[in-house]
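[1] Pasting the sequence and the predicted coordinates here, then a few questions.
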Amino acid sequence: MTDVSAGQDVAWLAPGEAVDLDTCAREPIHVPGSVQPRGAFLAVSEPDLVVVQASENLAELTGVAWSDALGRPLADVLGVGPTEAVVRSASAFGDLRERNPVEVTLDFGGDPVPVDAILHRALLSSGEEPLTNLVVELEPARGPRPFSFPNTYQAVRGTVAALNRAVTLQELYDTTARAVRELTGFDRVMVYRYDADHHGEVVAEARAEHLGSFLGLHYPASDIPAQARALYEKNWLRLISDVDYVPSPIRPAAHPATGGPMDLTYSTLRSVSPVHLEYLHNMGVRASMSISLLRDDRLWGLIACHHYAGPHQPPYATRAAAEFLGSTLSLRLVDRTAEDEVHRALQVRSTLAWLTAAMLDEDRPLAETVLGGTSLLDVLPADGVTVSLQEVTGGRGEQLPADVVERLVAWAAARGEEVVATDSLQREAPELDIPVDVACGVLAVPLPEGQYVLWHRREAVRHVDWGGDPHEKARTEREDGDVRLSPRKSFDRWRETVRERSYPWTPQERAEVHHLRVHLLEALYARSRSIVRAAETLQRSLLSEPPSPAGLAVGVRYVPATREAQVGGDWYDAFGQPDGSTMLVIGDVVGHDVQAAACMAQLRGLLRGIAFDHGDSPARVLSRLDAAIEGLDLGAIATVLVARLSPTGDGGMRLRWSSAGHLPPLVTGPDGAARVLAAERPGLLLGVSPQAVRPDADVLLEPGSTLLLYTDGLVERRHAGFDDGVDRLGRALADLCDRPVEEVCDGVLDRLVPGGAEDDVALVAVRLLPRS
């Protein structure tokens, strides 16, 4: 059942390298340099058909010593008639293995010897003109041939029909195991299936009555290392007719054309690892055969055959028939698995289609939609699912504690993957400290802005019966001064209780969740765009045209950032007061989303109401607004500058202003000189401390002066400070101060954010008109 690989002298190791399972797994078992002596090996150059390599036991079958065969035409070794038969088969198109065996009769000392010649081509070097050799392997056809290869299908047609009638996977396994045993005569035939970690399980068995059962036993992946699995994927049948065989070396050991050993990947006589032979000895096996079961050209399992009574050598045609059954089983397994997958995929797609259609109803919360009668638990079976979508959190099935959900969501988001899955939180993320009776397996879909979908499964305690202690690995032993690898010797039934694992999330389930994620993102995008459009409409309605008070020209601009969601928390306002003064406001709510826009609308409305009674003191307006933010539990943080322009009677105006953490105003006088109106001390942002005291500042402005209020998006740059940006803005304002106020607004924007703003920009420009 295994093909553990190691040589007795461990010749492929580097000097001083330790001998362990890792080095075992690197043994080049495709180039053992020898063959099993049940047949003889010949490597023949083409097109001249000269023997270039031969196994030492060649004379036992042909009467020609290997040393005499080298360099001679193939016909001198096999005879003219057999050689012509080999050449005819080798000259036909297609894969030579499809026409094996070539049935020939050798003349050995006057006695005819029926022989199966088994052909394939071995690639020696690649390139524009690949170099190959014809490999001829000779096996004596002892006893009557049970059937010839063209009649292979007749020998197994009854079994093929039974496989086609099988309804369940177990019927497929059982039918194949019985048929292969009847066909080949092995004492035990098992169907052996791999899991995702390459551990094997005996899922069907046909055996002699006196033998104990291996059915249901598991075998660790270390019993069949990776390079052995790779060979099984290329050469679908391997026979060891006698585990006590003495290998017959190939001579010369180095191929004359390459200087290296011949690749025996596709050889039927390939010698196997001594460790594997010892492994079989430890199991009491005297002969072994394996047939590969493939899915999508990958090894799915094996049909493993064991014989205990002594050596056992089914003829090639019998083995070919058994291999045909293995291929038929592989096809039926693929068909059956595909049928199951299609059936489940149709069910899931039907559920996804319903959910997708339901998601279009924007009047119903998305979380409520996916947790309704048809829910996410219909997409992916689990003990419970928790979602957080568009600020609505809910669940279906068993619910996890809120603190556990918080930890799981943070862990999944930190992974940076679209779908995060584990069937053992306790092993993969022990730092989360989540008890096994709360959640063991999770599958999480992190979504933008902290949203998520999270399925969880409970621990699934399983009892696994192993064929021997799986923790007993191969060991290194010293023998006559040499180091060799010795396989494990324990094969008694060994029960392991597997804990801290849930039922695994299958590849198909993960693929379905990826598909669901796309639908969720589309629904979130569609709904967010609807909300953004509404917010944009609200924002445009609030950022209205400025008033036209006597003696003033007012220009305003709002430029959204160059991002898709064109809403934010920046705003301006300008409105008149009963006493004839004009209030100017510039503000920036922290955030760049719909919530920031909504918060901005609330602050704007509150500020207008407060200013109506307390507009004479901008500082008092800010204090009252700060108190309202706390009292109404708005949770807003914002920078705001409130300014009041009131006539002085001589054509000028008094500017009184106060700032809550906002950038200072800029002003140019009639002479065009720009200056920053800095307060004595900067005021604290709104929403931080409602008891904060902010001062009022006063300055007189002459006719012809230009005042500019702005938000940080106009002057902030990633690699420069605010002071540099304010200096640039001052120079631009000075250059533009003789132009109409509308042109001042556009010119400032063109100079400071010519390619579009990285952040929202709001500005208010006011010109004190000269007396007419």
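    Everything's here; your move. Numbers count the residues shown, from 1 in each chain.
[2] just for the stretch 101-250 of the chain, where's the confidence low?
    For the stretch 101-250 of the chain, the stretches with pLDDT under 70 are 126-127, 142-155, 221-223, 225.
[3] Correction: the previous question concerned the stretch 501-650 of the chain.
    526-544, 562-568, 592-594.
[4] any weak-confidence spans in the stretch 651-772 of the chain?
    Looking along the stretch 651-772 of the chain with the criterion set at pLDDT under 70, you get 680, 718-721, 772.
[5] how about the helices in it?
    722-736, 741-752 (DSSP state H, counting those that start in this stretch).
[6] and if you look at the stretch 251-400 of the chain?
    Under DSSP H, counting those that start in this stretch, the stretch 251-400 of the chain gives helices at 274-283, 316-359, 366-370, 376-379.
[7] By mean pLDDT, show me the worst of these.
    Ranked by mean pLDDT, those bottom out at helix 316-359, which scores a mean of 70.
[8] residues contacting the residue lying closest to residue 661 once chain neighbours are set aside?
    The shortest distance from residue 661 to any non-neighbouring residue, by C-beta to C-beta, 6 or more residues apart in numbering, is to residue 685 (3.8 Å). Every C-beta, even on glycine, is put in place using the N, C-alpha and C of the backbone. Residues counted as contacts of residue 685 (C-beta atoms under 8 Å, 6 or more residues apart in numbering) are 637-639, 660-661.
[9] Select, from the residues you listed, the two members most distant in space.
    637 and 660 (10.1 Å; C-beta to C-beta).
[10] Give me the more crowded residue out of these two.
    Legend: neighbour count by other C-beta atoms under 10 Å for residue 637 and residue 660, higher for residue 660 (26 against 18).
[11] any chance of the helices of the stretch 651-772 of the chain in JSON lines, plus distance to residue 392?
    Shown next, in JSON lines, are the helices of the stretch 651-772 of the chain (distance: least, C-beta to C-beta, whole Å):
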{"stretch": "helix 722-736", "distance to residue 392": "39"}
{"stretch": "helix 741-752", "distance to residue 392": "39"}
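[12] Determine which of these approaches residue 378 most closely.
    helix 741-752 (53.0 Å).
[13] quick one: contacts of the closest one?
    Outside helix 741-752, the residues touching it (C-beta under 8 Å, 6+ apart) are 553-557, 559, 706, 708, 710, 714-715, 725, 728-729, 732-733, 735-737, 739, 761, 763, 765-767.
[14] want to throw the helices of the stretch 651-772 of the chain into CSV with mean neighbour count and distance to residue 666?
    Converted to CSV, these look like this (neighbours: other C-beta atoms under 10 Å; distance: least, C-beta to C-beta, whole Å):
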stretch, mean neighbour count, distance to residue 666
helix 722-736, 18, 6
helix 741-752, 18, 10
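[15] Tell me which of those helices sits nearest to residue 272.
    Of the helices of the stretch 651-772 of the chain, the one closest to residue 272 (C-beta to C-beta) turns out to be helix 722-736, at 76.2 Å.
[16] So what touches the closest one?
    Applying C-beta under 8 Å, 6+ apart, the set of residues contacting helix 722-736 is 663-664, 666, 668, 672-676, 706, 708, 710, 712, 714-717, 743-744, 747-748, 751-752.
[17] Now with 7 Å, please.
    663, 666, 668, 672-674, 676, 706, 708, 714-717, 743-744, 747-748, 751-752 (C-beta atoms under 7 Å, 6 or more residues apart in numbering).
[18] counting contacts, what elements does the helix or strand where residue 190 lies pack onto?
    Assessed by DSSP states H and E, residue 190 sits inside strand 188-194. Where contact means 3 or more C-beta pairs under 7 Å, 6 or more residues apart in numbering; DSSP states H and E, strand 188-194 is packed against helix 169-184, strand 200-207, strand 298-307.
[19] Just name the most buried of the ones you listed.
    Of all the helices and strands packed on strand 188-194, strand 298-307 has the most neighbours on average by mean count of other C-beta atoms under 10 Å, namely a mean of 23.
[20] related to what we said a few turns ago, got a PyMOL select line for the buried ones in the contacts of helix 741-752?
    Only the buried entries of the contacts of helix 741-752 go into this PyMOL selection, using 16 or more other C-beta atoms under 10 Å:
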select buried, resi 553+554+555+556+557+559+706+708+710+714+715+725+728+729+732+733+735+736+737+761+763+765+766+767
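[21] Inside strands: which ones of the contacts of helix 741-752?
    Secondary structure from DSSP state E places 553-557, 559, 706, 708, 710, 761, 763, 765-767 of these in strands.
[22] Residue 399: how many residues sit nearby?
    Counted with other C-beta under 10 Å, residues neighbouring residue 399 total 15.
[23] Could you tell me how far it is located from residue 445?
    Separation of residue 399 from residue 445 (C-beta to C-beta, to the nearest Å): 18 Å.
[24] The helices and strands packed on strand 188-194: which one's closest to residue 121?
    Across the helices and strands packed on strand 188-194, closest to residue 121 is strand 298-307 (C-beta to C-beta), at 23.3 Å.
[25] Name the strands paired with that closest one and say parallel or antiparallel.
    Sheet pairing of strand 298-307 (DSSP bridges) gives strand 188-194 (antiparallel), strand 287-295 (antiparallel).
[26] Just tell me which of those ends up closest to residue 423.
    Of all the strands paired with strand 298-307, strand 188-194 comes closest under C-beta to C-beta, at 17.5 Å.
[27] next helix or strand past the longest strand along the chain?
    If you go by DSSP E, the chain has its longest strand at strand 111-125. On the C-terminal side of strand 111-125, the nearest following helix or strand under DSSP H and E is strand 131-140.
[28] Tell me which other helices or strands that following strand touches.
    Judged by 3+ C-beta pairs under 7 Å, 6+ apart, strand 131-140 is in contact with strand 40-45, strand 111-125.
[29] which strands and helices sit next to the helix or strand just after that strand?
    On the C-terminal side of strand 131-140, the closest following helix or strand by DSSP H and E is helix 152-165. In this structure, helix 152-165 packs against helix 169-184, helix 316-359, with contacts taken as 3+ C-beta pairs under 7 Å, 6+ apart.
[30] Now do residue 635 against residue 170, distance only.
    For residue 635, the distance to residue 170 equals 62 Å [C-beta to C-beta].
[31] Residue 312 now?
    For residue 312, the distance to residue 170 (C-beta to C-beta) stands at 27 Å.
[32] next one: residue 599
    Look at residue 599 and residue 170: by C-beta to C-beta, they are 64 Å apart.
[33] Next: residue 327.
    20 Å.
[34] Sketch out the helices for the stretch 401-550 of the chain, chain order is fine.
    Counting by DSSP H, counting those that start in this stretch, the helices of the stretch 401-550 of the chain are 402-415, 425-428, 507-542.
[35] Out of the helices and strands packed on strand 131-140, which is the most enclosed?
    Scoring these by mean count of other C-beta under 10 Å, the most buried comes out as strand 40-45, with a mean of 25.
[36] Now do that one against strand 111-125, angle only.
    Between strand 40-45 and strand 111-125, the angle comes out at 50 degrees (axes from the mean of the first three to the mean of the last three C-alpha atoms, to 10 degrees).
[37] so what secondary structure elements neighbour strand 40-45?
    Using 3+ C-beta pairs under 7 Å, 6+ apart, strand 40-45 sits against strand 51-55, strand 131-140.
[38] Parallel or antiparallel, list what pairs with it.
    strand 51-55 (antiparallel), strand 131-140 (antiparallel).
[39] Need the winner for burial among those.
    Mean neighbour count, computed with mean count of other C-beta under 10 Å, is highest for strand 51-55 among the strands paired with strand 40-45, reaching a mean of 25.
[40] Show me what it is in contact with.
    With contacts defined as C-beta under 7 Å, 6+ apart, strand 51-55 is touched by 35, 40-45, 66, 69-72, 74, 77, 133, 248, 250-252, 255-256, 262.
[41] now the following helix or strand past that strand: mean pLDDT?
    Next along the chain after strand 51-55, taking DSSP H and E as the criterion, comes helix 59-62. Rounded to a whole number, the mean pLDDT of helix 59-62 is 91.
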